[in-house]
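Engineer: Return atomic coordinates for the entry below.
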Amino acid sequence: MIKDDINEMVARAVRTYRQTVLLNSHEKRECLELLADAFEAREEQILAANRADTEAAAARGRPERLIDRIRITDAQLDKILRQLRVVADFADPIGTRHSRWVRPNGLEIQRVRVPVGVIGVCCESRPFVFPIAAAACLKTNNVLVHVSDTECPRTLEAFMEAIHDCEQKPAFPVNGIQIYTADNHTEACRYLTSLDRQVNLAILRGTQSFVADIVEHARVPVLKRSGRLCHVFVDGDHVEGEGAARVTRATDLPMAVDIAISSRCDLPDSCTAASIVLVHESIASRFLPMFHTAAVRANLQLRADPRAIRFLPGAAPTVPADFTNPAPERDCLTVGIVDSLSDAILQINKNGSALSDAIVTGSPESERRFLASVESAAVYANCATNFTSGSEFGMGVDIGISTDKLDVRGPIGLEALTSLKFLVRGDGQVRGGH
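Structural biologist: Presented below is the predicted three-dimensional model:
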């Protein structure tokens, strides 16, 4: 049944793609404005459906962390609508020229951005991803097959009803935006990502175990993140220069406290929230008491290694797993002391999720070394870790994050949903002298 349903949806998507690939920038903008208007017109219905989904999840005994992934507040829906209108106004990436050159034989060669084709999104809960993915695919002339679990069926149905309201515009590719919910969600996602001749790209949004399972079985290219273990490193003071040029580069400790607390407490369920604070041993005795006061005020539960715990009254002692796995509790933060910048970089690269990691420092040299050496998709200096998103980076959309090193890395924006194609123009050239 699952295979038959998905085969039918993918076949419909392939047929629709032949039409959407021809939409021009003006037509796509009109379609996106129509989509935003349709969601806005059904705002109350969408919010009511979402309340029903969250209440049903609570009645089933789902944990609060999962319920938070399902919930869409008034403010969040308003943000989704704003993002759709931003996407509508965003520069069209399709058809933009990446490079151009002319060969000695007169051939003109260009590389231009083109759609990817059929994009599958495999999502655990997170109903807010669907409208953003739909808008991003529409903007980039792609078609979407979105597979979700059954934790938020009413919300997704309300979004789809709004999409069907757009059928009034002939150019709107209604069949280019499809959704499938399945009790056996993992099986459905495995099958979708096995269709290597029909599905061109898959984006995975879910828990680490879910992502790992789908990656193991996938036969199509996937974009995904690995883990959610992010760090803030608070650097020590440094003396730089020689002779009269010697200067002390001091770390701004109050700023470091704000960054560490914000990285944990703002968007605590985000994969970019910091799980670990590493502190240079030279400033630990000054920084950690200030940090402790702020952590208590923020109701954080601290875990500390043997060197840090003496500065953090009430903190629990760490076990080795605390530095390799994020704590399941949203209000927990692990603190450790390191001897040097090099030790911090080594620990981050060894144990981190290669996603978002930050340094707080007053030293330009330390900043340079950290930014160059930490192998993460987004590396920050003197700011919080949780800016890693397409919307915060000004990329138009926030579909997800990739920690892969090749091609798409970091926030998955509009350009990530495109490919490069060679266009070659001549005036009769043939190869081989024939």
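
Engineer: what's downstream of the helix or strand residue 82 falls within, the next helix or strand?
Structural biologist: Assigned by DSSP states H and E, residue 82 belongs to helix 74-89. Using DSSP H and E, the next helix or strand after helix 74-89 towards the C-terminus is strand 97-102.

Engineer: Just want the phi and psi numbers for the residue nearest to residue 262 when sequence neighbours are not counted.
Structural biologist: In this structure, residue 262 finds its nearest non-sequential neighbour in residue 384, 4.5 Å apart by CB to CB, 6 or more residues apart in numbering. Using the backbone N, CA and C atoms, a C-beta is placed for each residue, glycine as well. Per-residue torsions, residue 384: phi -70, psi 160 (degrees, to the nearest 10).

Engineer: Residue 384 reaches residue 259, doesn't it?
Structural biologist: Yes. Look at residue 384 against residue 259 with CB atoms under 8 Å: they come within range, at 5.2 Å.

Engineer: what sits in contact with each of these two?
Structural biologist: Both residue 384 and residue 259 are contacted by 232, 358, under the criterion CB atoms under 8 Å, 6 or more residues apart in numbering.

Engineer: buried ones in the helix holding residue 82?
Structural biologist: If you call a residue buried by 16 or more other CB atoms under 10 Å, then helix 74-89 has these buried ones: 77, 79, 80, 81, 83, 84, 85, 86, 87, 88.

Engineer: quick one on the thing from earlier: any idea how far residue 205 is from the residue nearest to residue 262?
Structural biologist: Going from residue 384 to residue 205 by CB to CB, to the nearest Å gives 22 Å.

Engineer: Over to residue 369?
Structural biologist: Distance from residue 369 to residue 205, by CB to CB: 33 Å.

Engineer: the more surrounded of the two?
Structural biologist: residue 205 (24 against 16; other CB atoms under 10 Å).

Engineer: which ones are touching the more buried one?
Structural biologist: 121, 122, 123, 124, 126, 129, 400.

Engineer: So for the residue lying closest to the last one once chain neighbours are set aside, what pLDDT did the model give?
Structural biologist: By that I understand residue 400. Spatial nearest neighbour of residue 400, chain neighbours left out: residue 412 (4.7 Å); criterion: CB to CB, 6+ apart. At residue 412, the model reports a pLDDT of 89.

Engineer: So residue 412 sits against residue 403, correct?
Structural biologist: No. Using CB under 8 Å, residue 412 is not in contact with residue 403, being 10.9 Å away.

Engineer: quick one on the thing from earlier: what mean pLDDT does the helix holding residue 82 have?
Structural biologist: Helix 74-89 shows a mean pLDDT of 93.

Engineer: Return that helix as CSV; C-alpha atoms alone will do.
Structural biologist: Taking C-alpha atoms only, helix 74-89 is exported to CSV below (Å, rounded to 0.1, in the frame of the first residue of the first chain):
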residue,chain,number,x,y,z
ASP,A,74,0.4,32.5,16.1
ALA,A,75,3.9,34.1,16.0
GLN,A,76,5.4,31.1,14.2
LEU,A,77,2.7,31.1,11.6
ASP,A,78,3.2,34.8,11.0
LYS,A,79,6.9,34.1,10.5
ILE,A,80,6.0,31.4,8.0
LEU,A,81,3.8,33.8,6.1
ARG,A,82,6.6,36.4,6.1
GLN,A,83,9.1,33.9,4.8
LEU,A,84,6.8,33.0,1.9
ARG,A,85,6.6,36.6,0.9
VAL,A,86,10.4,37.0,1.3
VAL,A,87,10.8,34.0,-1.0
ALA,A,88,8.4,35.6,-3.5
ASP,A,89,10.5,38.7,-3.6
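
Engineer: which residues are contacting it?
Structural biologist: Contacts of helix 74-89 (CB under 8 Å, 6+ apart): 29, 32-33, 35-36, 39-40, 43, 46-47, 72, 128, 131-132, 135-136, 139, 391, 396-398, 414.

Engineer: measure the residue nearest to residue 262 to residue 43 for me?
Structural biologist: 31 Å.

Engineer: Between these two, which is the more surrounded one?
Structural biologist: residue 384 (25 against 16).

Engineer: to the chain's geometric centre, what's the distance from the host helix or strand of residue 119?
Structural biologist: Following DSSP H and E, one finds residue 119 within strand 118-123. Offset of strand 118-123 from its chain centre (CA atoms, centre = their mean, to the nearest Å): 14 Å.

Engineer: returning to that earlier point: contacts only, for the residue nearest to residue 262.
Structural biologist: With CB under 8 Å, 6+ apart, residue 384 has these contacts: 232, 259, 262, 263, 266, 274, 358.

Engineer: Now do the buried residues in the host helix or strand of the third one.
Structural biologist: Remark: residue 262 resides in helix 253-265, with elements defined by DSSP H and E. Residues 253, 256, 257, 259, 260, 261, 262, 263, 264, 265 are the ones in helix 253-265 that count as buried (16+ other CB under 10 Å).

Engineer: Can you name the element that comes right after that helix?
Structural biologist: Downstream of helix 253-265 (by DSSP H and E), the next one is strand 274-280.

Engineer: average pLDDT for the helix or strand just after that next one?
Structural biologist: On the C-terminal side of strand 274-280, the nearest following helix or strand under DSSP H and E is helix 284-297. Per-residue pLDDT over helix 284-297 has a mean of 96.

Engineer: quick one: contacts of whatever helix or strand comes next after helix 284-297?
Structural biologist: Proceeding N to C from helix 284-297, the next assigned helix or strand is strand 301-304, under DSSP H and E. Identification of contacts with strand 301-304 by CB under 8 Å, 6+ apart yields 292, 295, 311-312, 314-318, 322, 327, 329, 331-336.

Engineer: Can you list the strands that strand 301-304 pairs with?
Structural biologist: strand 316-317 (parallel), strand 332-338 (parallel) (DSSP bridges).

Engineer: of all those, which lies closest to residue 104?
Structural biologist: strand 332-338 (56.7 Å; CB to CB).

Engineer: Could you give the separation of the helix or strand that comes right after the closest one from the chain centroid?
Structural biologist: Per DSSP H and E, the first helix or strand lying C-terminal to strand 332-338 is helix 341-351. How far helix 341-351 lies from its chain's middle: 23 Å, per CA atoms, centre = their mean.
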